[in-house]
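Trainee: okay, structure incoming, though there's no sequence with it:
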């Protein structure tokens with residue numbers, strides 16, 4: 001067995017993923033900027049966000065961005081590698097820690113897409129009641145499981161060329177449906193406030209956000225999870 005200290009750092013593991021086009025570890029914030037590891041895209045910070053909160057995940061990183069339901073607390077950037085096509089294949093993921101039980105609907109975690117209300121133009125994860133929930137704007141996939149409370153989890157979604165969107169929690173398929181998406185834009189964001197009135201500000205820790213330009217397998221996502229907690 002390879003000793004823990006001899007194994008690659010978790011960031012290196014993620015950066016070895018074939019087709020990775022955007023990666024924000026969330027462990028290197030300078031002033032009002034969250035650095036990304038690919039290209040020149042960096043995330044602009046607005047509002048009150050705590051940096052350096054421990055994710056309590058041994059290898060996925062000891063730092064994260066902590067959102068505490070503060071109005072206007074966001075991280076946003078633009079990455080020209082993100083596909084705008086309605087038919088593009090992709091995968092995206094992040095480590096999430098929910099410190100408290102969900103009490104309100106609609107908190108937006110991470111993803112990319114247009115801020116205006118157009119059916120199918122978003123690729124985001126929401127905190128909807130207690131369920132893991134992919135938000136495509138009326139082209140959604142609600143998982144069969146809840147977010148864990150007080151324990152880090154790797155949340156991911158993939159899109160296949162058939163239009164099948166699959167939601168994963170810790171590398172396990174927890175829901176899939178064929179959905180018809182529309183054109184997106186190249187703006188990525190954490191804790192974006194959805195346009196619907198019942199949406200709540202986000203309370204969560206987020207780290208290791210990545211986007212891949214292909215459909216990742218369950219085995220790959222499970223590997224990322226296992227390496228993150230190993």
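Mentor: Looks like it came in fine. Only a predicted model underlies this, so the values are computations on that prediction, with no experimental measurement involved.

Trainee: helices of this protein, start to end?
Mentor: Using DSSP state H, the helices of the chain run over 10-15, 218-229.

Trainee: pretty sure residue 165 is touching residue 180, no?
Mentor: No: counting by C-beta atoms under 8 Å, residue 180 is not a contact partner of residue 165; they are 10.2 Å apart. Any C-beta I mention is one placed from the backbone N, CA and C, and that applies to glycine too.

Trainee: the two: who's more crowded?
Mentor: residue 165 (23 against 12; other C-beta atoms under 10 Å).

Trainee: got a pLDDT number for the more buried one?
Mentor: For residue 165, the pLDDT comes out at 98.

Trainee: how about it, what does it touch?
Mentor: 134, 136, 141, 157-159, 176-179 (C-beta atoms under 8 Å, 6 or more residues apart in numbering).

Trainee: who does it bridge with?
Mentor: residue 159, residue 177 (DSSP bridges).

Trainee: so where's the chain uncertain?
Mentor: Residues of the chain that meet the criterion pLDDT under 70 lie in 1-8, 28-41, 51-62, 102-104, 115, 194-199.

Trainee: give me the longest strand you can find in it.
Mentor: strand 203-212 (DSSP state E).

Trainee: packing partners of it?
Mentor: With contacts defined as 3 or more C-beta pairs under 8 Å, 6 or more residues apart in numbering; DSSP states H and E, strand 203-212 has these neighbours: helix 10-15, strand 20-24, strand 65-68, strand 90-97, strand 107-113, strand 187-190.

Trainee: list the buried ones in that strand?
Mentor: 203-212 (16 or more other C-beta atoms under 10 Å).

Trainee: pull up the pairing partners for it, direction included.
Mentor: Here, using DSSP bridges, strand 203-212 pairs with strand 20-24 (antiparallel), strand 65-68 (antiparallel), strand 90-97 (antiparallel).

Trainee: what separates the last one from the chain centre, distance-wise?
Mentor: Chain-centre distance of strand 90-97: 3 Å, with C-alpha atoms, centre = their mean, to the nearest Å.

Trainee: what does the shortest one give?
Mentor: Centroid separation between strand 65-68 and its chain, computed with C-alpha atoms, centre = their mean, is 14 Å.

Trainee: nearest residue to residue 163 in space, please, no chain neighbours.
Mentor: residue 178 (4.6 Å; C-beta to C-beta, 6 or more residues apart in numbering).

Trainee: before I go, just wanted to say thanks for your time.
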